[in-house]
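[1] okay, sequence plus prediction incoming.
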Amino acid sequence: MKRRQFLTTTALTAVSFSLIPRKVISNNFPLIKPPHLQPGDGVGIISPAGATFKEDDLNIVIEAVKALKLVPKVGQYALDRYGYLAGKDGERASDINQFFADDNIALILPIRGGWGSARLLPYLDYDLIRRHPKIICGFSDITSLLLAIYAKTGLVTFHAPNGFSSWRTAQTESFRQVLFSGEKLTFRNLPDPDDANRLMQVKNRIQTITKGQAKGKLIGGNLTTLASIAGSPYLPDFTGAILFLEDIGEDVYEIDRLLNQLKLAGIFNNLAGFIFGQCSNCSADSDYGSLTLEEVIREYIQPLKIPACLGLMIGHLEIIETIPIGIEVEFDANQGTITMLESAVSKP
C-alpha cells in the first residue's frame, strides 16, 4: 500500500475510533500469549514517541538486538522527525501496524519513550494485531501502547527495556528468561552492593502499606502516561488486578494529582493489590509544607484494604526487568514480591 493511501486509511480509522463512547472497561478478549523468541527471529525497531536525534543511538540499539542473536529491521519512519516527535502520528503508527503484519518479525522494540505514543492509539489496527500476535515491549511513555494493545486485543505485552536501555547483565537475563525461555519468575528487589558490608539492608527497601497476599492479573506502567489516557477506551478492565505504577521527575503534589485522577476514574475501585515502584527524582516542594510520597500513597491506598507496598524496583532504573502485563501473578506485600503463575509467552 502506498504511503498516501495508508495515511488516508488511518485518518478514517482515527475518526471511527473517536466515535466510541469513553469508558474504562474495554477488555473483553481472551488472553493471547505471543510466541516466544528464538535466535534468528526478526525485531522491528520503531520510534512511537520522541524523536531520535542521533543516528548512532539507533546503531547502539541495532548492536543490542544483534547481541541478543536477533535480526534487526528498522521501521520506515524510525528516524523521522516532526518537532519533538519521531514523525507524524500516522507514519509512526504505520511502522507498528506493518511490523505486526510482517511474519518475519517476532518482537517490536521501541528505541525510546518521551511523549507521543498515546497519539497513535486511534491509528493502530487492533484486529490485525489480534490476528498476528507478537511481543511488544517498552516502558515510560510506551505504557500507553502496552495497555491499549492489551485492552483492545487481549495480547500480553511487556513492561521491559526500550532499545536504548542499558542492557546490563541482570536486565538481559530477565529479558531472556521471560521472552526466550518462557520462565515463570519471581520479581524482588536486588540487593545493593553498598549493603554488602552492613548488618542491615539500607537501600532498595520495601515499605509495606497494607499487609497480605493477593492473586490477579498484573497491569500497570508509568503513572503519568496511564493517567493521560484514563477515561478513554484504551485502558483495560482493572477489576481484580494487581496494579503497579512508577514515575520519574514529579513533585509529590503532582503524584497526588495523578493518583487522584485514577481514583476519580474508578481505577482503584476493584483492585486486588497495589504496587508503587520507584519514583526517580521525585521530591517534595520545598517552598511550603509538603506531604511525603509515602503519606500520599497511603492516603489513597490504605482505605482500599488490599495488599499494597511501596519501593519495588520497577521504574526508570539501570536494571529494568521484563514484567508481563495481563498474566496471573501472586503478589506478597509483606515481602515485596511478584510471582508469575504462568508463562507469558507461548511455546510449541
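    Noted; the coordinates are in hand.

[2] going by residue numbers, what spans are strands in the protein?
    Applying DSSP state E to the chain gives strands spanning 42-46, 71-74, 105-110, 135-138, 157-159, 186-187, 207-210, 213-222, 241-248, 273-280, 308-310, 323-325, 328-332, 337-340.

[3] what is the last one packed up against?
    What that stands for is strand 337-340. strand 186-187, strand 328-332 (3 or more CB pairs under 8 Å, 6 or more residues apart in numbering; DSSP states H and E). (Each C-beta comes from the backbone N, C-alpha and C, glycine too.)

[4] would you give the sheet partners of the shortest one, along with the direction of each?
    Strands that pair with strand 186-187, judged by DSSP bridges, come out as strand 337-340 (antiparallel).

[5] kindly export the strand it pairs with (C-alpha atoms) in CSV.
    Once non-C-alpha atoms are left out, strand 337-340 reads as follows in CSV (Å, rounded to 0.1, in the frame of the first residue of the first chain):
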residue,chain,number,x,y,z
THR,A,337,7.5,-9.9,45.6
ILE,A,338,5.6,-10.6,42.4
THR,A,339,5.5,-14.3,41.3
MET,A,340,4.4,-15.2,37.8
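
[6] just how off-centre is it within its chain?
    For strand 337-340, the distance from its own C-alpha centre to the chain's C-alpha centre is 17 Å (CA atoms, centre = their mean, to the nearest Å).

[7] pull the residues that contact it.
    Under the criterion CB atoms under 8 Å, 6 or more residues apart in numbering, residues 184-188, 218, 242, 244, 275, 312, 323-324, 327-332 lie in contact with strand 337-340.

[8] cool, and stretch 109-117?
    Contacts of stretch 109-117 with the rest of the structure, by CB under 8 Å, 6+ apart, involve 43-52, 57-58, 61, 65, 78, 84-86, 89, 92, 137-145, 162-164, 225.

[9] filter those residues to the buried ones?
    Buried members of the contacts of stretch 109-117, scored by 16 or more other CB atoms under 10 Å, are 43-52, 58, 61, 65, 78, 85-86, 89, 92, 137-145, 162-164, 225.

[10] can I assume Glu294 is in contact with Arg205?
    No. Using CB atoms under 8 Å, Glu294 is not in contact with Arg205; the gap is 11.5 Å.

[11] the contacts of strand 337-340, buried ones only, as a ChimeraX selection?
    This is how ChimeraX selects the buried members of the contacts of strand 337-340, with burial counted by 16+ other CB under 10 Å:
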select :184,185,187,188,218,242,244,275,312,323,324,327,328,329,330,331,332
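
[12] low-confidence ranges in this structure?
    Residue ranges of the chain with pLDDT under 70: 1-27, 193, 195-196, 199-201, 285-289.

[13] tell me the domain boundaries of it?
    Taking automatic domain parsing as the reference, the chain has its domains at 3-168, 186-340.

[14] now do the longest one: distance to the chain's middle.
    When distances are taken as CA atoms, centre = their mean, domain 3-168 is centred 12 Å away from the chain's centroid.

[15] hang on, the earlier thing: out of the helices and strands packed on strand 337-340, nearest to Tyr253?
    Using CB to CB as the measure, strand 328-332 is the one of the helices and strands packed on strand 337-340 that comes nearest Tyr253, at 27.9 Å.

[16] packing partners for that closest one?
    Strand 328-332 is packed against strand 213-222, strand 337-340, with contacts defined by 3+ CB pairs under 8 Å, 6+ apart.

[17] quick one, the longest one and strand 328-332 angle?
    Read it as strand 213-222. Calculated by axes from the mean of the first three to the mean of the last three CA atoms, to 10 degrees, strand 213-222 forms an angle of 100 degrees with strand 328-332.

[18] leaving out chain neighbours, which residue sits closest to Gly221?
    Sequence neighbours aside, Thr143 is the residue nearest to Gly221 in space, at 3.2 Å (criterion: CB to CB, 6 or more residues apart in numbering).

[19] that should have said Asp192, apologies.
    Using CB to CB, 6+ apart and skipping the chain neighbours, the partner closest in space to Asp192 is Lys203 (3.8 Å).

[20] show me which residues of stretch 197-214 are buried.
    Buried residues in stretch 197-214, counting neighbours by 16+ other CB under 10 Å, are found at Asn204, Ile206, Gln207, Thr208, Ile209, Thr210, Ala214.

[21] I'd guessed the fourth one sits against Gly336; true?
    Yes. Contact status for Thr208 versus Gly336: in contact at 7.4 Å, counting by CB under 8 Å.
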